[in-house]
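S.K.: A predicted structure for the sequence below; I have some questions about it.
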Amino acid sequence: MAKKVALLQGNQACAAGAMYAGCTFFAGYPITPSTEVAEELSISLPTIGGKFIQMEDEIAAMAAVIGASLTGAKSITATSGPGVSLKQELIGYACIAEVPCVIINVMRGGPSTGMPTGPGQSDVMQAMWGTHGDHAAIALVPSSVQEIFTETVRAFNLAEKYRMPVQVLFDEIVGHMRERIVFPEPGELEIINRAAPTDPPETYKPYDATKGQVPPLASFGSGYKFHVTGLNKAADGFPTTKAEYVDAEERRQVNKVNDHAAAIESNEEYLTEDAEVLVWAYGSTARSARYAVNELRKEGIKAGLFRPITLWPFPAKRTAELAKQCKAIVVSEMNLGQMIHEVERAAKGNCTVVGEFRVDGEPINPGQIAAKVKEVM
Amino acid sequence: MAYDYDKSIRPGKLPHIWCPGCGHGIVMKGLIRAMDTCGLDRKNTAIVSGIGCASRLPGYLDACTLHTAHGRAAAFATGVKMAKPEMTVICCGGDGDGTAIGGNHFIHACRRNIDMTYVIMNNFIYGMTGGQFSPCTPTGAKASTTPYGNPDPVFDISKLAIGAGATFVARTTAAHPREIDKLITMGIKHKGMAIIEVLDDCPTTYGRRNKFRSVVDMMKHLKANAVPAVAASKLTAEQLQGKFLTGILFQEERPEYCAQYAEVIKKAQA
């Protein structure tokens, strides 16, 4: 049987991906350019008995998502940069309380209201370091409508597997662009569901590290009575200030991601085998970069493209290898230089690292990337 | 026979953090009695709070307890209730948590008329941080950040809840323990948003700055100035000066939010 094919907007594909992943709860607050994610889910969630709620503000939306997730519902919210800033305290709460959830950030420029209908990639550092305190982060950066679907599914999988908030960031261009999408059949993509506790309610401890780096999370209303707090806590979930507990828990929560960075990592490489110059780009910028690489190859310049799909944890190992192989890396992003700092850190001076940035609300075009490559070669 | 509170309290979690003379323990006991009266299965009861002294209450109770971020109890609780409407959801917290930083969530939870019971312990002060003025600190009162007297007007929490759309609003005080569990029981049984405001005492950070010489004085003050709402109509405006009405202040039947959303699901599936 032929697969279902559609011409779909990126934001709609995100909603469709959420449904495919088994999402049953959305809470959000209207914000351009992400609103279509909410609109789509307001239609589709109740058809499967799921719940959609428009909350009074961005913070409330994040709170409701965490609350719903604690009952076992796969939960999602969608917003843009200013909304993510408002949610940051509770993203930290979801980190320390270890509550799975997915946060969609359709990126525009900024700071503040900026250019709400224009594209941007200026929340990529916010995705990692926006919330306070030490924590791990997972952020995915799809660059096509199809990939928004699959990465939204993967975001739910990672959230449930690692028991934490996972962010999916796509710029307004990818979010609002319409492309052909081939819907995966049910069962075609892997779906990871939350691990059920192995202990009975009487002995269950929600943060018991002896159960592994990611202890199973029970659901409210499933027979388990337990305590959830944003305070530093011991294995039983109750507050503690004992140094050894606090230290061990903080490290476990960061290591549960960092120790599995290779498994979470996902990149696309294009013509990198013999590349002498590398374009390092993500999201819609990577589409222009790919075009630029093709044009440069026609001119005999050995250019290649490295496109992270998992942005955080940062693909440091592969970036470092490519830095040793290439004479230069051109990092192109719709901000004034954010991921370039991580690329420079990974490159360790083994090659020249330069940026090609744009923040005027226009997409980065292949010509300007190609020109920058020629400038450094 | 003494009432058995122990079966509701998590083993090993006492003593609590509250100061001697604080009324929060009276409210917690009232809540336990109310939960018992309603026969709540603690496995299907979520108790949700924000941050502050009063918000530490859920941790002591053997149930599904959620201690969230400052001001956000009602919003977290909304997520729990929406996702699992069969659970009984109870919020608790203080005046600053609920009506200052959490004011937006408070009024919108009231507006939706979502089925939960919010026990708000109004002790007129931010106790945990050491006694800064809250939206409920009386005008002119002393707090650590109003050394010359509080210039701010006061929120009337119950009026705020009624105005915002809560369908059961009641007030009592920590000096009226029997009324606490009676009103919380009615709130839990009410289908919709129930706000139970309990006027409470903070001897440590409010009383000592405001000429209350002892906890007993604070309790006497609460008792002396409480006027049952049913008796208020017989009193003159002059007689009601400085008093606060207690008992059920407002009650109406209005469609509950989760029930309304169940209708949305029906339409979507039709």
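M.R.: Happy to help now that I have it.
S.K.: B:A141: how many residues sit nearby?
M.R.: 19 (other Cβ atoms under 10 Å in any protein chain shown). C-betas here are computed from N, CA, C, even on glycine.
S.K.: quick one: pLDDT of whatever residue of the stretch 1-150 of chain B ends up closest to chain A?
M.R.: Among the residues of the stretch 1-150 of chain B, B:G79 lies nearest to chain A; the distance is 2.8 Å by Cβ to the nearest Cβ. Here, the pLDDT recorded for B:G79 equals 98.
S.K.: same thing with A:K3?
M.R.: 88.
S.K.: Just give the number of residues close to it.
M.R.: There are 9 residues near A:K3, going by other Cβ under 10 Å.
S.K.: partners of the closest residue to it other than its chain neighbours in the sheet?
M.R.: Using Cβ to Cβ, 6 or more residues apart in numbering or on different chains and skipping the chain neighbours, the partner closest in space to A:K3 is A:V182 (5.2 Å). Taking DSSP bridges, one obtains A:V5 as the residues bridged to A:V182.
S.K.: Let me see the contact set for A:V182.
M.R.: Taking Cβ atoms under 8 Å, 6 or more residues apart in numbering or on different chains, we find A:V182 in contact with A:K3, A:K4, A:V5, A:Q146.
S.K.: Contacts only, for the spatially closest residue to the last one that is not a sequence neighbour.
M.R.: Put plainly, it is A:Q146. Counting by Cβ to Cβ, 6+ apart, A:I181 is the residue found nearest to A:Q146 once chain neighbours are left out, at 5.1 Å. Residues in contact with A:I181 (Cβ under 8 Å, 6+ apart) are A:V5, A:A6, A:L7, A:L8, A:A13, A:A16, A:V145, A:Q146, A:F149.
S.K.: Distance-wise, check the last one relative to chain B.
M.R.: I take that to be A:F149. Distance from A:F149 to chain B, counting by Cβ to the nearest Cβ, to the nearest Å: 22 Å.
S.K.: likewise the fourth one?
M.R.: Here the distance between A:L8 and chain B works out to 20 Å (Cβ to the nearest Cβ).
S.K.: Just the pLDDT for the residue nearest to that residue when sequence neighbours are not counted.
M.R.: Nearest residue to A:L8, sequence neighbours excluded (Cβ to Cβ, 6+ apart): A:I181, at 4.7 Å. On the pLDDT scale, A:I181 is placed at 98.
S.K.: sorry, back to before: and the residue of the stretch 1-150 of chain B closest to chain A, how many residues sit next to it?
M.R.: For B:G79, using other Cβ under 10 Å, the count is 32.
S.K.: Touching, it and A:A64? I think so.
M.R.: Yes - assessed by Cβ atoms under 8 Å, B:G79 is found in contact with A:A64 at 3.3 Å.
S.K.: shared neighbours, the two?
M.R.: A:A27, A:I53.
S.K.: Could I get the pLDDT score of A:Q368?
M.R.: A:Q368 carries a pLDDT value of 98.
S.K.: Extract the CA atoms of the strand or helix carrying it and return them as PDB.
M.R.: A:Q368 belongs to helix A:366-376 when elements are defined using DSSP states H and E. In PDB, the C-alpha atoms belonging to helix A:366-376 read as follows (Å, rounded to 0.1, in the frame of the first residue of the first chain):
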ATOM      1  CA  PRO A 366      23.900  30.200  -0.600                       C
ATOM      2  CA  GLY A 367      25.800  33.000  -2.200                       C
ATOM      3  CA  GLN A 368      27.000  34.600   1.000                       C
ATOM      4  CA  ILE A 369      28.100  31.300   2.400                       C
ATOM      5  CA  ALA A 370      30.000  30.500  -0.800                       C
ATOM      6  CA  ALA A 371      31.600  33.900  -0.700                       C
ATOM      7  CA  LYS A 372      32.800  33.400   2.800                       C
ATOM      8  CA  VAL A 373      34.200  30.000   1.900                       C
ATOM      9  CA  LYS A 374      36.200  31.600  -0.900                       C
ATOM     10  CA  GLU A 375      37.400  34.300   1.400                       C
ATOM     11  CA  VAL A 376      39.000  31.800   3.800                       C
END
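S.K.: Identify each buried residue in that helix, please.
M.R.: Going by neighbour count (16 or more other Cβ atoms under 10 Å in any protein chain shown), the buried part of helix A:366-376 is A:P366, A:Q368, A:I369, A:A370, A:K372, A:V373.
S.K.: Take those and lay them out in a markdown table including distance to chain B.
M.R.: Listed next are those as a markdown table, based on distance: Cβ to the nearest Cβ, whole Å:
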| residue | distance to chain B |
| --- | --- |
| A:P366 | 44 |
| A:Q368 | 43 |
| A:I369 | 42 |
| A:A370 | 48 |
| A:K372 | 44 |
| A:V373 | 47 |
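S.K.: pretty sure A:I329 contacts A:V343?
M.R.: Yes - A:I329 is in contact with A:V343 according to Cβ under 8 Å; the separation is 6.0 Å.
S.K.: anything in contact with each of those two?
M.R.: With Cβ under 8 Å, 6+ apart as the test, A:I329 and A:V343 both reach A:W280, A:T319, A:A323, A:V353.
S.K.: so which of the residues you listed would you say is closest to chain B?
M.R.: Closest to chain B, out of all of the shared contacts of A:I329 and A:V343 and judged by Cβ to the nearest Cβ, is A:T319, at 35.5 Å.
S.K.: Then the closest one would be within a helix, right?
M.R.: Yes - using DSSP: H, G, I helix; E, B strand; the rest coil, the assignment for A:T319 is a helix.
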